[in-house]
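Asks: I'd like to go over a predicted model; first the sequence, then the structure.
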Amino acid sequence: MLALSPLTAAVVSDRCSENKAEDKSGNNLEDLIQSKKLIPNGEVAVRYCVPDVKDEIKTYLKVWTDMDVDVILTTGGTGFSPRDVTPEATQEVIHREAPGLTIAMIRKSLEITPHAMLSRLVNLFLLRVYSNLWVEHYSYIPDFYRKPPASVAMLANAHVMLSSSAKDGEIEVRISVGAVCGIRGNTLIINLPGSTKASQECLESIAMSIPHAVSVMRNRILDVEETHQKMHGDSATQNSHSHHHHHHHHHAHKVDQESKVDVSKVARRARTSTYPLLDVDTAQRIVLEHAELIGTETVKFKEALGRVLAENVLAKDPLPPFPASIKDGYAVIASDGAGPRTVLGDSTAGVKPSEPAPLKRGQCVRINTGAPVPADADCVVQVEDTKLLKEGDDGQTELEVEILVAPTSGQEIRPVGSDIALGQLVLAKGTHLGPSELGLLATVGVVHVQVYKLPCVTVLSTGNELQDPGRPLETGCIRDSNKTTLVSLMKEAGFPVIDAGIARDNPKAVLSKLKEALSTGDVIVTTGSVSMGERDILRDVLITDIGATVHYARVFMKPGKPTTFATCDYEGRKKLILGLPGNPVSATVTSHLYVLPALRKMAGHPSPLATIIKATTEEEVALDPRPEYHRAILSWPEGITIPTAKSTACDQVCLIKYLHLRLYFWCIHTYNNKSVLGYVLGNQISSRLLSCSAANCLLILPPRTDSRKTLAKGELVDAMIISRI
């Protein structure tokens, strides 16, 4: 297999995977891709020869799509051999099919050789045949198929279904053959034939469409619009609805609607904000008040990791369901005391016991840990407190043992229901399901659970200067890092996320993108367009065009002062809109403070806010007029027991040279008598995303006042946990 742009390719061949044959097709495809002649900017990121085993092919397809490559090309495994299973493996991993690519390849192949029919490269043709007109079909079905149905069936060497209809002489012919092209996540998977010549010809037939397909699939709107303009001129934008419908995008159709917001009178724009400045606690409280549950759903317990229970779970059976032995030893009657015992048999965990003869005085049963205790026994003696007196069958059978220590009734026995009683509350409504909780569900036999639905998040970037990270950087532009960071942050937290692309800084574009986002997400997260610039128009569009209520637009904090929160009813459902600043660090910090708590609350989490621990400063720290959130790394070094936090001033230029642009200010924190060593990540300005790299906490520094301009050594500060520590 090969992987593009990263583009991945896989060669599916037993002989190639065992180094018994040269991978000529893979070599040729890699040369074609690396030459940039077929696919501009394409490059091979990964390549591997996979055996003709369906499960192994599926594994590699899944692993590589998880690597977020753009395209996976497979070569081979599409023929008639019993081990040609690439199409079947691909079919089982893709989420959506892309039959148009398959049709284009078979059309090209059949123009060159009729033997192309022996490669399973046709997904589905639907032909309608009439008495006086052989075929009515889509324009891209090759002339080769304009023949009577019998010839078509013979040609395709495929399963053909004929069905008569009430219409005049109409016959429906379905030709379904196996090879598959499709989409898994954000990766396009394309099956190519195994021969060098055929794989090249098939790739050449679709290569010109691959970059556009990837742009559409990944919602790279600017690239899509640029392609449309090249193909159709300005009319492409007007026809974008039909294009999106044709490709069945997950994102909503474009809404070509004029905004009522007028940005032409620049000189009359507001120069100060009319919104009050709220403290962080108040801003969080307002968000959480509007973050409402969105319903429940039933899921398999193995798929419920990270979810929150929407019902109480009661035990359907007691645990243990029988008196169970705690030790390996012998089940006896306690009143017999110490002394010899005749061994009647054994009781083994997991084995259904036979009906033994009643246990009499002077008798015992050998028993394993967890096994049922015989009905007439009332205690278990561990094997260490016994001695063998007599054996049989050349050591295969114990006939008599001696109990060395007098037992007591109930000794080493777990009574019925001693762990979990019948009907006992096992997990309460509102419980966050982690690994232990899922294990408990398995223990009590609850395989389906009702959980709160997860809110869907739609992330939108705004800004004329932003461009997709996959494109060469243009003059005056920067790559959009916010969307990648926030989408990853939400996914890491377990929430479904939709990438809404980038909106230009004009009211019409922002309105169109907002409507797309509102139609798909429960929570809309935007970055940029919320400050006081002449093109910061998000709030105006929300109020004027959407009819949203802006609850606040300024928060007393650094970074993140212009953070905006609004709500609206859209298509009958309440939507939350969080407008975050465009600076990368500001967007990340405010996501932890407002977005993630809102999502957790909507998903049923009983404690949606992040955990905060206490620490003290080791050195004097200069304060800002606003409460400041410093990004830091926490650790617990040995030998330090006093809670401390250190933030030292140093020559940043020297640090940059020494650490190659990665800066560390040191601070030490402790919690519960454990020392926490925090590395404050360099320059804390809001545009510097590097300060968030590897950070696992935010140090919350209080605001400066006339009487308090610094934190003295030894003063307490808060550290908000934002990642694993």
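Replies: Looks like it arrived, so ask away. This structure is a prediction, so every number in the text was calculated from the model and none was measured.

Asks: so where does residue 292 fall, helix or strand?
Replies: Counting by DSSP states H and E, no helix or strand carries residue 292.

Asks: for residue 522, see how far away it is.
Replies: Residue 292 sits 10 Å away from residue 522, taking Cβ to Cβ, to the nearest Å as the criterion. Yep, even glycine has a C-beta here, placed from its N, CA and C like the rest.

Asks: find the residues that touch each one of these two.
Replies: Taking Cβ atoms under 8 Å, 6 or more residues apart in numbering as the criterion, residue 292 and residue 522 both touch residue 602.

Asks: who has more neighbours out of these two?
Replies: Remark: of residue 292 and residue 522, residue 522 carries more neighbours, 23 against 13, as counted by other Cβ atoms under 10 Å.

Asks: how close does that one sit to residue 324?
Replies: For residue 522, the distance to residue 324 equals 47 Å [Cβ to Cβ].

Asks: and residue 216, by the same measure?
Replies: 60 Å.

Asks: residue 422 now?
Replies: In this view, residue 422 and residue 324 are 15 Å apart by Cβ to Cβ.

Asks: more neighbours: which of these two?
Replies: residue 324 (23 against 13).

Asks: list the contacts of the more buried one.
Replies: 370, 371, 372, 373, 413, 414.

Asks: cool, and residue 77?
Replies: So residue 77 contacts 12, 13, 52, 57, 83, 84, 85, 86, 87, 89, 191, 194 (Cβ under 8 Å, 6+ apart).

Asks: in helices only, show me those.
Replies: Among those, the ones falling in helices (DSSP state H) are 57, 86, 87, 89.

Asks: got CSV for those, with distance to residue 344 too?
Replies: Output for the ones in helices among the contacts of residue 77, formatted as CSV (distance: Cβ to Cβ, whole Å):
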residue, distance to residue 344
57, 56
86, 61
87, 62
89, 56
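
Asks: of all those residues, which two lie farthest apart?
Replies: The largest separation in these, counting by Cβ to Cβ, is between 57 and 87 at 9.9 Å.

Asks: how far does stretch 72-92 stretch from start to finish?
Replies: Start-to-end span of stretch 72-92 (Cα to Cα, to the nearest Å) is 15 Å.

Asks: buried residues in it?
Replies: Using 16 or more other Cβ atoms under 10 Å as the test for burial, stretch 72-92 gives 72-79, 84-91.

Asks: can you tell me which of these lies closest to residue 284?
Replies: residue 72 (43.0 Å).

Asks: isn't the closest one up against residue 65?
Replies: Yes. Distance between residue 72 and residue 65: 7.1 Å, which falls inside the contact criterion (Cβ atoms under 8 Å).

Asks: and for those two, which residues touch both?
Replies: 187, 189.

Asks: count the neighbours of the closest residue to residue 719 other than its chain neighbours for me.
Replies: Once flanking residues are discounted, residue 719 sits nearest to residue 697: 4.6 Å by Cβ to Cβ, 6 or more residues apart in numbering. Residues within reach of residue 697, counting by other Cβ under 10 Å, total 28.

Asks: if residue 697 is in a bridge, with which residues?
Replies: Beta bridges link residue 697 to residue 632, residue 721, judged by DSSP bridges.

Asks: state the distance from it to residue 582.
Replies: Residue 697 is 24 Å from residue 582, where distance means Cβ to Cβ.

Asks: what's the distance between the residue nearest to residue 66 when sequence neighbours are not counted and residue 99?
Replies: Closest residue to residue 66 apart from its sequence neighbours, by Cβ to Cβ, 6+ apart: residue 185 at 7.7 Å. According to Cβ to Cβ, residue 185 and residue 99 sit 19 Å apart.

Asks: kindly report the same for residue 557.
Replies: Taking Cβ to Cβ as the measure, residue 557 and residue 99 are separated by 52 Å.

Asks: and the helices in the stretch 251-400 of the chain?
Replies: Taking DSSP state H, counting those that start in this stretch to define them, one finds helices in the stretch 251-400 of the chain at 280-290.

Asks: so where's the stretch 301-450 of the chain shaky on pLDDT?
Replies: Filtered on pLDDT under 70, the stretch 301-450 of the chain yields the residue ranges 351-357.

Asks: how does it look with 90?
Replies: 345-359, 375, 393-395 (pLDDT under 90).

Asks: that one: strands as residue ranges?
Replies: Along the stretch 301-450 of the chain, the stretches classed as strands by DSSP state E, counting those that start in this stretch are 313-314, 324-325, 329-332, 339-347, 363-367, 379-382, 386-392, 397-403, 413-414, 425-427, 448-452.

Asks: for those, which one sits closest to residue 209?
Replies: Residue 209 sits nearest to strand 448-452 of all the strands of the stretch 301-450 of the chain, at 41.1 Å, using Cβ to Cβ.

Asks: elements contacting the closest one?
Replies: Contacts defined by 3 or more Cβ pairs under 8 Å, 6 or more residues apart in numbering; DSSP states H and E place strand 448-452 against strand 296-300.

Asks: ok, the strand it packs on: who's next to it in the sheet?
Replies: On the basis of DSSP bridges, the sheet neighbours of strand 296-300 come out as strand 448-452 (antiparallel).

Asks: quick one: contacts of the helix or strand that comes right after the partner strand?
Replies: Using DSSP H and E, the next helix or strand after strand 448-452 towards the C-terminus is strand 457-462. Residues outside strand 457-462 that contact it (Cβ under 8 Å, 6+ apart): 480, 482-483, 486-487, 490, 495-505, 510, 513-514, 517-518, 520-529, 538, 582, 595, 599.

Asks: give me the buried subset of those residues.
Replies: Burial by neighbour count, judged by 16+ other Cβ under 10 Å, picks out 480, 482-483, 486-487, 490, 495, 497-505, 510, 513-514, 517-518, 520-529, 538, 582, 595, 599 from the contacts of strand 457-462.

Asks: kind regards, and thank you for your time.
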